[in-house]
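# Here you go, sequence then predicted model.
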Amino acid sequence: MSQLKKIPNIGKATERDLIAMGYTTVESLKGKSAQELYEEECALRGFTLDRCQLYLYRAVEYFVNTPEPDPRKLKWWYWKDEFVQPSPCGAVCVECSLYPSQCAGCAKIKGKVHWLKYTGQSVCAVYDCCVNGKKYINCGACDKLPCEKFTKDPTISDEQNEQNLRIMVDRLKG
């Protein structure tokens, strides 16, 4: 058994493929992106693999490149596209400290975010407008981005809200 088996989600087949691609230690994987690993394995095998392998590699990337990975985020299925790509407002589920233990992500909770108890709303206004109203995946295509529906999260400071809004809007416009 190689050192690679110490990485969560790595079974015999993935271990064998990683070794064939030249990765023999946890250290050798540091700095590699999940997309790079997925593409290398597809090339090794000679066909396009199921996207679940990409999700597995996202969990591997998180594990090997994060100084203290959250054990709750090590399951490969938490790294599906819906949790890695921007939500309607531009937030990314896997980056949130509440995911997955306290929040299952906007797609699953349908915009019923934790901070609604502070606002009196039944659903996030951004989610409601974007998904329910305009039928968008996220607000990136909206010509009003960011609009007044991007309200402050009452659980964090004004400075953190401003920084988060910049990051989310940049992500959506990118």
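Alright, I've got the coordinates. Residues are numbered from 1 along each chain as shown.

# ok, residue 93 - contacts?
Contact partners of residue 93, counting by C-beta atoms under 8 Å, 6 or more residues apart in numbering, are 82-84, 87, 99-100, 103, 105-106. (C-beta placed from N, C-alpha, C; glycine too.)

# of those residues, buried ones?
Among the contacts of residue 93, those buried by neighbour count (16 or more other C-beta atoms under 10 Å) are 83-84, 87, 99-100, 103, 105-106.

# Looking at these, which gets the smallest pLDDT?
Lowest pLDDT among the buried ones among the contacts of residue 93: residue 106, with 88.

# list the contacts for that residue?
Counting by C-beta under 8 Å, 6+ apart, residue 106 has contacts 87-89, 91, 93, 113, 124, 127.

# Same check on residue 172?
Contacts of residue 172 by C-beta under 8 Å, 6+ apart are 86, 90, 138-140, 145.

# Mind giving me the PyMOL command for buried ones among these?
The buried residues among the contacts of residue 172 can be selected in PyMOL (16+ other C-beta under 10 Å) with this line:
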select buried, resi 86+90+138+139+140+145
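
# What number of neighbouring residues does residue 58 come out with?
Neighbour count of residue 58, defined by other C-beta atoms under 10 Å: 24.

# I figured it hits residue 79, correct?
Yes: using C-beta atoms under 8 Å, residue 58 is in contact with residue 79, at 3.6 Å.

# which residues do those two both contact?
residue 34.

# and the gap between the most centrally placed residue in the chain and residue 55?
In the chain, the residue lying closest to the centroid (C-alpha atoms, centre = their mean) is residue 84, at 2.2 Å. Distance check for residue 84 against residue 55: by C-beta to C-beta, to the nearest Å, it reads 8 Å.
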